[in-house]
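>>> This is a predicted model, with the sequence first.
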Amino acid sequence: MADTGGEWQVARRRKGASKRLTSFFVSTSCCQNQLDVGKTIKRIRETAADLKCQDVWEEWKGQIQGNVSEKLQESLDSKISPLQYVCYGLGTFSSCVSARYQLAMLLLLLDAGKIPLKDCFVFDPAFSPGEKDVLRELGLTVLTENEEGKRLATKPTLFYLMHCGKALYNNLLWKNWSPQSLPLIMIIGNSFSSMRERMIEREFKRNYSYISQAVTVCEERQLTCPSHLIDVFGDTALITFNSTKLISLPQCSWTETPEPQYQDCPDLEIIQRESNNGVRT
């Protein structure tokens, strides 16, 4: 890997632990000192250069660009502007190598698709002030509000949601739950089918009802992941929605659309925004 900075240490795998490449990296200095923006940007660009030389990049580019072009042809008209990107839940890329590889892949995709960097909106409650400075210096647009994934797509939008919690996907689907909006969104993130397989069915339908319905009508294309990057890109799919498949859902699916609440989810995998009184909503 391109990152050879002296202050980075790989957390050694314990005897008997999984043989998958660990993504847990610690920094001996970033938590003590102010983040060096220039040095961090250099690391990101080195990571992107490393990734660009690997087969996984060429395979991702081919799979994603082809489907993006097809989606734009389906939905693009004179009233809709070109594709934009939204990235949630990237993580602390200054101290986590997995997050930095995910950011590097995002930058490569933007470059390959000729998407202006300012048309990529990023947010994670975990970002430090220094990391926000890095993202702005790169040219990305850093959102100032925790949207919890509740962003309505008004034009073709690719949501880059690497290893995010199920609630964030569910919120995104709820906000766009209509036969008009769903075809506008594309998701690079965790496989919906895998989510369903790993949960008790009744809990899946109760707690994540929009994913539960979407998995029956979405189109999933598994994205390539080499073994040495399994913790970075494992179980990742390109998820799209086709208008003809959406009409197979019963009419009540579109008329009964309550906002997700998650009262029965004690281990909610999302950082919720705070209301004015400091209570998380």
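It's in. Numbering: from 1, shown residues only.
>>> pretty sure residue 269 is touching residue 167, no?
Yes - Residue 269 lies in contact with residue 167 (Cβ atoms under 8 Å); the separation is 6.1 Å. (C-beta placed from N, C-alpha, C; glycine too.)
>>> between these two, who's got more neighbours?
residue 167 (21 against 13; other Cβ atoms under 10 Å).
>>> OK, contacts around the more buried one?
Shown in contact with residue 167 (Cβ atoms under 8 Å, 6 or more residues apart in numbering): 148-149, 208, 260, 262, 265, 268-270.
>>> Those, buried ones only, as a ChimeraX selection?
Of these, the buried ones can be selected in ChimeraX as follows, counting by 16 or more other Cβ atoms under 10 Å:
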select :148,149,208,260,265,268,270
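>>> Residue 194 reaches residue 235, doesn't it?
Yes - with contacts counted by Cβ under 8 Å, residue 194 reaches residue 235, the gap being 5.4 Å.
>>> Include secondary structure, pLDDT and distance to residue 172 when you put the contacts of residue 167 into CSV, please.
CSV is the format used below for the contacts of residue 167 (DSSP: H, G, I helix; E, B strand; the rest coil; pLDDT from 0 to 100; distance: Cβ to Cβ, whole Å):
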residue, secondary structure, pLDDT, distance to residue 172
148, coil, 95, 9
149, coil, 96, 4
208, coil, 95, 11
260, coil, 92, 10
262, coil, 87, 14
265, coil, 79, 16
268, coil, 76, 15
269, coil, 74, 14
270, coil, 74, 11
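>>> Make JSON lines out of the contacts of residue 167 and add distance to residue 253.
Listed next are these as JSON lines, based on distance: Cβ to Cβ, whole Å:
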{"residue": "148", "distance to residue 253": "22"}
{"residue": "149", "distance to residue 253": "19"}
{"residue": "208", "distance to residue 253": "15"}
{"residue": "260", "distance to residue 253": "15"}
{"residue": "262", "distance to residue 253": "20"}
{"residue": "265", "distance to residue 253": "22"}
{"residue": "268", "distance to residue 253": "24"}
{"residue": "269", "distance to residue 253": "25"}
{"residue": "270", "distance to residue 253": "23"}
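>>> wait, which of the contacts of residue 167 is closest to residue 225?
residue 269 (20.7 Å; Cβ to Cβ).
>>> Grab the nearest non-local neighbour of the closest one.
The shortest distance from residue 269 to any non-neighbouring residue, by Cβ to Cβ, 6 or more residues apart in numbering, is to residue 165 (2.5 Å).
>>> Run a quick neighbour tally on the one you found.
19.
>>> before we move on, what about the one 4 residues further on?
Taking other Cβ under 10 Å as the criterion, the count of residues near residue 169 is 26.
>>> quick one, what contacts the closest residue to it other than its chain neighbours?
Nearest non-adjacent residue to residue 169, counting by Cβ to Cβ, 6+ apart: residue 211, 5.7 Å away. By Cβ under 8 Å, 6+ apart, the contact set of residue 211 is 166, 169-170, 173, 192, 195-196, 204.
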